[in-house]
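J.: no sequence for this one, just the structure:
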Ligand code: FES
C-alpha cells in the first residue's frame, strides 16, 4: 500500500505536511527535505520560505479554518 500524504492546517500556524513529498521552487529545483513531517509557511512572514520558521507566533497570525462537512454545506 502506498503511503498517503497528509496536510494539516494548524490553527494560527503553518501547514504540516506528513508523508512523501517533493518541494520545489518556481524553477523546479528541489528543496532538501530531510524530515518525515515538514511545516510550510502560510503567514508569509517566514525568513526560510517555503518553510515555517516560527515567525507566525510573533506576527500574531490568525487562521483557524475548519473543513465543512457535506451535510453542513446545504444549510444556512
Ligand atoms: S506559518 Fe510559521 S512562519 Fe509563517
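T.: Alright, I've got the coordinates. Here the structure is a predicted model, which means the values were calculated and not measured.

J.: Next one: residue 59 relative to residue 47, how far apart?
T.: To residue 47, residue 59 is 12 Å away according to CB to CB, to the nearest Å. Placement of C-beta: from N, CA and C, glycine included.

J.: Run through the residues that contact residue 11.
T.: Neighbouring residues of residue 11 by CB atoms under 8 Å, 6 or more residues apart in numbering: 63-64.

J.: Check the gap between it and residue 42 for me.
T.: Relative to residue 42, and taking CB to CB, residue 11 is found at 12 Å.

J.: ok, now residue 50?
T.: The separation that residue 50 has from residue 42, given CB to CB, amounts to 9 Å.

J.: Close to the ligand: what parts of the protein are there?
T.: 13-14, 41-43, 45-46, 52-56 (CB under 6 Å from any ligand atom).

J.: tell me the contacts of the spatially most central residue of the chain?
T.: The residue lying closest to the centre of the chain (CA atoms, centre = their mean) is residue 15, at 1.7 Å. Taking CB under 8 Å, 6+ apart, we find residue 15 in contact with 7-9, 39-40, 42.

J.: if I look at residue 3, how far off is the ligand?
T.: Taking CB to the nearest ligand atom, to the nearest Å as the measure, residue 3 falls 25 Å from the ligand.

J.: from what I can see that residue touches residue 19, true?
T.: Yes: with contacts defined as CB atoms under 8 Å, residue 3 counts as touching residue 19 at a distance of 5.3 Å.

J.: Which of these two has more residues huddled nearby?
T.: Summary of the neighbour comparison: residue 3 and residue 19, criterion other CB atoms under 10 Å, with residue 19 having more neighbours (13 against 9).

J.: Any regions of the protein where pLDDT drops low?
T.: Using pLDDT under 70 as the threshold, the predicted model of the chain has low-confidence ranges 1, 75-76.

J.: quick one: the strands in the protein?
T.: Under the criterion DSSP state E, the chain carries strands at the ranges 6-9, 15-18, 37-40.

J.: what's the offset of the first one from the middle of its chain?
T.: Put plainly, it is strand 6-9. The chain centre lies 6 Å from the centre of strand 6-9; the measure is CA atoms, centre = their mean, to the nearest Å.
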